[in-house]
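Asks: predicted model follows, preceded by the sequence.
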Amino acid sequence: MSDRDRPRAWVFFWGAGAVLLSLLDAIVRLSRVAYEGVSHGMLSGAQLAFTVVWTLVIVYGEGYRAFGSVLAPRMAARLMHLSTQGTSLGRAFAPLHALSLFDTPPRRLFSAWVLLVGIVTIVLIVRKLPQPWRGSVDLGVVLALSWGSVAIVRECVRAWRVRAGRVDPELANPQST
């Protein structure tokens, strides 16, 4: 294996680490709000039902499907490619590259940016919800983000060990990176 083909560990740590720290920050902040909302007295039957259903839906949809099946494998594949064949610019912005926010086909680029704007919009709306509803929503989000964080670590460790991602990294121009 030539030096050019040898993965650079710092790219993985920088790319995955920055994303994981962002998720950890959100998990810690939202955990407080979730705890305050669901432990601040008894939830009514409707509130409890909403909390249980919402939590199951968001953990499955966001945690398992979005993070575990799509984002984490692609992120690991993009970081593996970036660590062996990427440009200096790509490596400098490894967290953004890992999230497909640049150097990806137009369709993926568009969906990544729409998703980012959508998440920010939903966060701004959820912040206005009164307790205990906000706590119920945030509880599901905390669990989904936790699941997603574990999936990212698992996929990145796996990609590092086998020196390859298990999915297509979906690069805009594989030869240019």
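Replies: Now that the structure is in, tell me what you want to look at.
Asks: right, and Leu99 touches Val19 too?
Replies: Yes. At 6.6 Å, Leu99 counts as touching Val19 under the criterion of Cβ atoms under 8 Å. All C-beta spots, glycine's among them, are computed from the backbone N, C-alpha and C.
Asks: who touches both of the two?
Replies: Taking Cβ atoms under 8 Å, 6 or more residues apart in numbering as the contact rule, Leu99 and Val19 both touch Met75.
Asks: for the closest residue to Arg74 other than its chain neighbours, phi and psi?
Replies: Distances taken as Cβ to Cβ, 6 or more residues apart in numbering place Val167 nearest to Arg74, at 5.5 Å, with adjacent residues excluded. Here is the backbone geometry of Val167 (degrees, to the nearest 10): phi -130, psi 170.
Asks: now for Val167, how many residues are close by?
Replies: Neighbourhood size, Val167 [other Cβ atoms under 10 Å]: 17.
Asks: quick one, what contacts it?
Replies: With Cβ under 8 Å, 6+ apart, Val167 has these contacts: Pro73, Arg74, Ala77.
Asks: then Leu20?
Replies: Ser149, Ile152, Val153.
Asks: quick one: classify it as helix, strand or coil.
Replies: helix (DSSP: H, G, I helix; E, B strand; the rest coil).
Asks: from Leu145, how far off is it?
Replies: Using Cβ to Cβ, to the nearest Å, Leu20 is found at 10 Å from Leu145.
Asks: likewise for Met75?
Replies: 14 Å.
Asks: who has more neighbours, those two?
Replies: Higher neighbour count among Met75 and Leu145: Met75, with 27 against 24, using other Cβ under 10 Å.
Asks: the closest residue to that one other than its chain neighbours - how many residues pack around it?
Replies: With Cβ to Cβ, 6+ apart as the criterion, Met75 has its nearest non-adjacent residue at 4.6 Å, and that residue is Ala98. Using other Cβ under 10 Å, Ala98 is surrounded by 27 other residues.
Asks: tell me the phi and psi of Arg163?
Replies: phi 60, psi 30.
Asks: pull out the buried residues from the lowest-mean-pLDDT helix or strand in the chain.
Replies: Counting by mean pLDDT, DSSP states H and E, the weakest-scoring helix or strand in the chain turns out to be helix 88-92, with a mean of 90. Under the neighbour-count criterion of 16 or more other Cβ atoms under 10 Å, helix 88-92 has Gly90, Arg91 buried.
Asks: list the contacts of it.
Replies: For helix 88-92, the surrounding residues in contact (Cβ under 8 Å, 6+ apart) are Arg8, Val11, Trp14, Leu82, Ser83, His97, Asp103, Thr177.
Asks: one more pass at 10 Å, please.
Replies: 8, 10-11, 14-15, 78-79, 81-83, 86, 96-98, 102-103, 171, 176-177 (Cβ atoms under 10 Å, 6 or more residues apart in numbering).
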